[in-house]
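Novice: Provided below for reference: sequence and predicted model.
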Amino acid sequence: MNSPASLNEPIVLAALRQVIDPEISCNVVDLGLIYGTTITETKVTVQMTLTTPGCPMGESIAQGVQWALLGIEGVEDAAVELVWDPPWNPSMMSAIGRAAAERH
């Protein structure tokens, strides 16, 4: 069981790796869309971006991130903050993200 004291960024990022961008077939962490996480007691806030401001799946991806956060044991509240600065670019992807994008 995760207590507020044991809730940490690696746990949050592991949950977020389950959220897939359907257009690229890669998770939001390896795509480099997650800019930061803030954990306060039982609330997690994620600052993230999308590949483009007009991303047709943007609302769905942000909702998936919120659901993933709320699915973490010990999290009672979750917020997703969409930010556009710095703008996302492919160099932000991890090696796993680049490999997924190349396959797609």
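Specialist: Alright, I've got the coordinates.
Novice: So what touches the longest helix anywhere in the chain?
Specialist: Scanning the chain for the longest helix, with DSSP state H as the assignment, gives helix 58-70. By CB atoms under 8 Å, 6 or more residues apart in numbering, the surrounding residues in contact with helix 58-70 are 12, 15-16, 18-22, 28, 33, 44, 46, 48, 50, 55, 75, 78-80, 82. All C-beta atoms are positioned from the backbone trio N, CA, C, and that covers glycine.
Novice: which ones among those residues are found in helices?
Specialist: Val12, Ala15, Leu16.
Novice: and the longest helix of the chain, average pLDDT?
Specialist: Average pLDDT, helix 58-70: 96.
Novice: Send me that helix as CSV with only the CA atoms.
Specialist: In CSV, the C-alpha atoms belonging to helix 58-70 read as follows (Å, rounded to 0.1, in the frame of the first residue of the first chain):
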residue,chain,number,x,y,z
GLY,A,58,-5.5,15.6,-26.7
GLU,A,59,-8.5,15.5,-24.5
SER,A,60,-8.6,11.7,-24.4
ILE,A,61,-4.9,11.5,-23.6
ALA,A,62,-5.2,14.1,-20.7
GLN,A,63,-8.2,12.2,-19.4
GLY,A,64,-6.2,8.9,-19.6
VAL,A,65,-3.4,10.6,-17.6
GLN,A,66,-5.9,11.7,-14.9
TRP,A,67,-7.4,8.2,-14.7
ALA,A,68,-3.9,6.7,-14.4
LEU,A,69,-3.1,9.0,-11.5
LEU,A,70,-6.3,8.3,-9.7
